[in-house]
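Enquirer: coords please:
(one chain, ligands or ions: 1)
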Amino acid sequence: MYQFDIAQYVDFRPPGYLCPRCASIWRADEQLDWPQGWQYFSDDTLEAWRCEVCQLWFETSRCCPDLKDYLKRWHCSLEFHDLASHLRSLGSAAAELRSPAGQFARPGRALRNMLAALNQARHFVHVITWGLSWEFIGMLALLSHRVSVRAVVSACEEKRAQQLLEAQAYGGEDFEVIPLCQGDLSSHPHQKLIVIDGIMAISGSANFTIPSWREVDNGHEHVLIETRPEHVWELNKTLFSPVWHRWHPVTNDVVSMRRHGRRWADSLKRIEDIDF
Ligand SMILES: [Zn+2]
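Expert: Numbering: from 1, shown residues only. Next up, the predicted model:
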């Protein structure tokens, strides 16, 4: 019989940081408390940090904020209070999602548990999907008042794309959506992924739509629930970050950590272009 060993908890390291451009997830370095996937470079002309996933250089100097403070300013530093309780809540939702529907399950079991897991988010939610239910636009906007929400929606109808973009006006400060509704559909990403706080990921065939999630209970859609942090980060890194990086409006290869703005992307613009 399997028994949980609390000694395993000693080795557990939660995610610590996100890259502001590609949204890759990094664990905090145990000694230095810096993102492990960022490298520091220094020579006579340049002091910089580089994200190993999107290769963006973050230029720094003595008058710049510390890297940790910089990431904190843009809501890219993840601190979990009462982590044990958070893990229990997400773990419970994951266990419910993994359990077979069964003959006596209440209708909407999978959808209900997926929403329950989303509702546990404390820092961020990443979504990549092919199509999106109307209801989920409001749900993501509401969620974004509490946590950062980043979503890429492939094969998005024009009207839905318009509503998604409008939702950013009534959503929270860190609500970013990229609806893909033009051009060759074969260039749109087809993978489906939901990442919650870098602790839980849901991948598989189900789109972020109510009909798709109803079909999970019928066995006509398949979802995989990942709760091992390193695997969650890898899914985020391979399925979400390249897409986010590709479609994100920030095209700079080097950014200065000295700049300010309302959003991170604004901090990279020339001062006269910022929409205050
Ligand atoms: Zn990056």
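
Enquirer: ranges for the helices of the stretch 101-250 of the chain?
Expert: 109-118, 134-143, 158-170, 210-218, 229-235, 241-247 (DSSP state H, counting those that start in this stretch).

Enquirer: of all these, which one is nearest the ion?
Expert: The minimum distance between the ion and the helices of the stretch 101-250 of the chain falls on helix 241-247, with 6.7 Å, by CB to the ion. Using the backbone N, CA and C atoms, a C-beta is placed for each residue, glycine as well.

Enquirer: other SSEs contacting the closest one?
Expert: Packing contacts for helix 241-247, counted by 3 or more CB pairs under 8 Å, 6 or more residues apart in numbering; DSSP states H and E, involve strand 148-154.

Enquirer: still on that earlier bit, now the helices of the stretch 101-250 of the chain as a markdown table including mean pLDDT and distance to the ion?
Expert: Putting the helices of the stretch 101-250 of the chain into a markdown table (pLDDT from 0 to 100; distance: least, CB to the ion, whole Å) gives the following:
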| stretch | mean pLDDT | distance to the ion |
| --- | --- | --- |
| helix 109-118 | 93 | 24 |
| helix 134-143 | 95 | 23 |
| helix 158-170 | 92 | 22 |
| helix 210-218 | 91 | 30 |
| helix 229-235 | 95 | 13 |
| helix 241-247 | 89 | 7 |
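
Enquirer: how about the residues of the protein that lie near the ion?
Expert: By CB under 5 Å from the ion, the residues of the chain that approach the ion are 19, 21-22, 51, 53-54.

Enquirer: before we move on, back to that, for residue 79, find the nearest of the helices of the stretch 101-250 of the chain.
Expert: Among the helices of the stretch 101-250 of the chain, helix 229-235 comes nearest to residue 79, with 15.4 Å by CB to CB.

Enquirer: picking that back up, need the helices of the stretch 101-250 of the chain in JSON lines (columns: distance to residue 201).
Expert: As requested, the helices of the stretch 101-250 of the chain are exported to JSON lines (distance: least, CB to CB, whole Å):
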{"stretch": "helix 109-118", "distance to residue 201": "10"}
{"stretch": "helix 134-143", "distance to residue 201": "17"}
{"stretch": "helix 158-170", "distance to residue 201": "22"}
{"stretch": "helix 210-218", "distance to residue 201": "16"}
{"stretch": "helix 229-235", "distance to residue 201": "4"}
{"stretch": "helix 241-247", "distance to residue 201": "13"}
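
Enquirer: will you turn those helices into TSV that also has mean neighbour count?
Expert: Formatted as TSV, the helices of the stretch 101-250 of the chain follow (neighbours: other CB atoms under 10 Å):
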stretch	mean neighbour count
helix 109-118	20
helix 134-143	18
helix 158-170	15
helix 210-218	17
helix 229-235	18
helix 241-247	18
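
Enquirer: which one of these lies nearest to residue 202?
Expert: Proximity to residue 202 (CB to CB) singles out helix 109-118 among the helices of the stretch 101-250 of the chain, at 6.6 Å.

Enquirer: you'd agree residue 21 is up against residue 246?
Expert: No. Assessed by CB atoms under 8 Å, residue 21 is found out of contact with residue 246, at 10.9 Å.

Enquirer: show me the shaky parts of the protein.
Expert: 62-65, 101-105, 249, 259-262, 267-276 (pLDDT under 70).

Enquirer: centroid residue for it?
Expert: The centroid of the chain falls nearest to residue 126 when counting by CA atoms, centre = their mean (3.1 Å).

Enquirer: wait, a strand at residue 41?
Expert: Yes. Judged by DSSP: H, G, I helix; E, B strand; the rest coil, residue 41 forms part of a strand.

Enquirer: could you say which helix or strand holds the closest residue in space to it that isn't next to it in sequence?
Expert: Leaving aside its chain neighbours, residue 41 sits nearest to residue 48 (5.1 Å; criterion: CB to CB, 6 or more residues apart in numbering). For residue 48, the host element (DSSP states H and E) is strand 47-51.

Enquirer: repeat for residue 96
Expert: Using DSSP H and E, residue 96 sits within helix 83-98.

Enquirer: so how far is that helix off the chain centroid?
Expert: Averaged C-alpha coordinates place helix 83-98 at 18 Å from its chain's average position (CA atoms, centre = their mean, to the nearest Å).
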